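S.K.: task: produce atomic coordinates for the following.
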Amino acid sequence: MNLDWEKNLGTTDRIIRIAFGATLLALVMTKSVAGWWVTGAVVLAIFQFIEAFFAY
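M.R.: Model (predicted):
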């Protein structure tokens, strides 16, 4: 089994992921979301930043 991962994100995809992650964090910082939504938003934002950074 060979898991040869190739980068598949272009510049536009990376910018969109960074903007989406930043928007989610901004919603959390301004307390526009509450409860369990905060945890979900932060986790999703972190994953967006990681995917944008590594481009996978």
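S.K.: tell me the helix or strand right after whichever strand or helix holds residue 16.
M.R.: Residue 16 belongs to helix 11-29 when elements are defined using DSSP states H and E. Of the helices and strands lying after helix 11-29 in sequence (DSSP H and E), the nearest is helix 36-54.
S.K.: got the angle for that next one vs helix 11-29?
M.R.: 150 degrees (axes from the mean of the first three to the mean of the last three C-alpha atoms, to 10 degrees).
S.K.: 460 is where my numbering starts, stick with that
M.R.: Understood, numbering begins at 460; the last thing we discussed is helix 495-513.
S.K.: contacts only, for the residue most central in space within the chain.
M.R.: For the chain, the residue nearest the mean C-alpha position is residue 507 (1.5 Å; C-alpha atoms, centre = their mean). Shown in contact with residue 507 (C-beta atoms under 8 Å, 6 or more residues apart in numbering): 476, 477, 479, 480, 483. Every C-beta, even on glycine, is put in place using the N, C-alpha and C of the backbone.
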